[in-house]
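Asker: 3D model of this:
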Amino acid sequence: MNILVTGANGQLGNEMRIISKEGTDKYIFTDVVEQEGVETTILDITDFEAIRKIIAEHQVNAIVNCAAYTNVDAAESNEALAEILNAEAPKNLAKAMKEVDGWLVQISTDYIFGKEPYNTPCREEQTGAPTGVYGLTKLHGEQKIIATGCKYIIIRTAWLYSEFGKNFCKTMLNLMATKSALKVVFDQCGTPTYAWDLATVIEAALKKPVAGIYHYSNEGVCSWFDFTKMIAEYSGQKDFDIQPCHSNEFPSSVTRPSYSVLDKTKIKDTFG
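Answerer: Presented below is the predicted three-dimensional model:
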């Protein structure tokens, strides 16, 4: 299979690079900028004709879309740009794959939930009710992909972290190196997910693809406070002073979901 990966220089894209070395599939890694030390094909996914051209050139059978506008706070004042990158661009990819009867794997988010109160893990059929622009534009992306009629696998994930890019885990490690104490919110709960694990799931799904929307995260549930305590422990700093606090102590332009744990039953049953 010839697999094109967009956003290849981000967290998940870099993990897909690692995964690609283990199999026999051919991967084409694309982004809007180059990254030192790795081969990157420049591709603007807002350009439909550019997408069609690269699909034809490499005889692409599947696209894994790791590209997105992910700055949750900035999205509140950049809704038009977030809509282009999170909704219109995925629609371009879907339309292009429909033309060649290929598969699109779209990475979505737990942020499409959160506005409605609930305290049990979210299932795929639960109605999306985002709390902010980021979640809303990602939900629009899902809807636009489905409307094209292409073969799609939408995977909603949560709290992604890795060795690459910017993420909560790396931020906390950096703060522990420069501060004597931290206050971290305990009233937002979800599931931290290692990006390499998600990459292995994507690879498995593409081997025997079954269309639909799926939820994938690692197991368990914790608050950002709990997560930080474990980051400190695993990095040999279990005595570091970390105090719980309420989210309203860190004013933000967007209300984040207070509980966004994902139910993984469907993806386990489908892909093992």
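Asker: from here on, just use CA atoms for contacts and neighbour counts.
Answerer: OK.
Asker: I'd say Gly7 and Ala67 touch.
Answerer: Yes. Using CA atoms under 8 Å, Gly7 makes contact with Ala67 at a distance of 4.0 Å.
Asker: shared neighbours of the two, anything?
Answerer: Here Gly7 and Ala67 have Asp31 as joint contacts, going by CA atoms under 8 Å, 6 or more residues apart in numbering.
Asker: quick one, helices of this protein?
Answerer: Using DSSP state H, the helices of the chain run over residues 11-20, 48-58, 72-75, 79-83, 89-99, 133-148, 168-178, 195-207, 224-234, 265-271.
Asker: will you turn the ones you listed into TSV that also has mean pLDDT, distance to Glu39 and mean neighbour count?
Answerer: Output for the helices of the chain, formatted as TSV (pLDDT from 0 to 100; distance: least, CA to CA, whole Å; neighbours: other CA atoms under 10 Å):
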stretch	mean pLDDT	distance to Glu39	mean neighbour count
helix 11-20	97	10	21
helix 48-58	98	15	15
helix 72-75	95	29	18
helix 79-83	98	27	18
helix 89-99	98	21	23
helix 133-148	98	28	22
helix 168-178	97	25	15
helix 195-207	97	19	18
helix 224-234	98	32	18
helix 265-271	97	30	14
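Asker: so for Leu160, which of these sits nearest?
Answerer: helix 195-207 (5.9 Å; CA to CA).
Asker: now the closest one: how far from the chain's centre is it?
Answerer: Centroid separation for helix 195-207 versus its chain: 12 Å, with CA atoms, centre = their mean, to the nearest Å.
Asker: ok, back up a step: in CSV, list the helices of the chain along with distance to Gln243.
Answerer: Formatted as CSV, the helices of the chain follow (distance: least, CA to CA, whole Å):
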stretch, distance to Gln243
helix 11-20, 28
helix 48-58, 48
helix 72-75, 24
helix 79-83, 34
helix 89-99, 40
helix 133-148, 28
helix 168-178, 13
helix 195-207, 27
helix 224-234, 8
helix 265-271, 34
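Asker: out of those, nearest to Tyr111?
Answerer: With CA to CA, the closest approach to Tyr111 among these belongs to helix 133-148: 4.7 Å.
Asker: need the contact partners of the closest one.
Answerer: Contacts of helix 133-148 (CA under 8 Å, 6+ apart): 69-72, 75-76, 79, 82-83, 86-88, 90-91, 94-95, 98, 106, 108-113, 128-130, 152, 154.
Asker: can you do 7 Å?
Answerer: Here helix 133-148 makes contact (CA atoms under 7 Å, 6 or more residues apart in numbering) with 70, 72, 75-76, 79, 82-83, 86-88, 90-91, 94-95, 108, 111-112, 130.
Asker: over to stretch 210-220?
Answerer: Defining contact as CA under 7 Å, 6+ apart, one finds that stretch 210-220 is touched by 124, 151-158, 191-193, 262-264, 266-267.
Asker: now with 8 Å?
Answerer: Residues from elsewhere that reach stretch 210-220 (CA under 8 Å, 6+ apart): 123-124, 151-158, 191-194, 197-198, 262-264, 266-267, 270.
Asker: one more: stretch 120-130?
Answerer: Stretch 120-130 is contacted from outside by 111-116, 136, 139, 213-215, 260-264, using CA under 8 Å, 6+ apart.
Asker: closest one of those residues to Lys166?
Answerer: With CA to CA as the yardstick, the closest approach to Lys166 among the contacts of stretch 120-130 comes from Tyr111, at 17.7 Å.
Asker: now do the same contact list for that closest one.
Answerer: Taking CA under 8 Å, 6+ apart, we find Tyr111 in contact with Pro130, Thr131, Tyr134, Gly135, Ala158, Arg256, Pro257, Ser260.
Asker: try Gly132
Answerer: For Gly132, the contacting residues are Val72, Glu76, Val254, Thr255, Arg256, by CA under 8 Å, 6+ apart.
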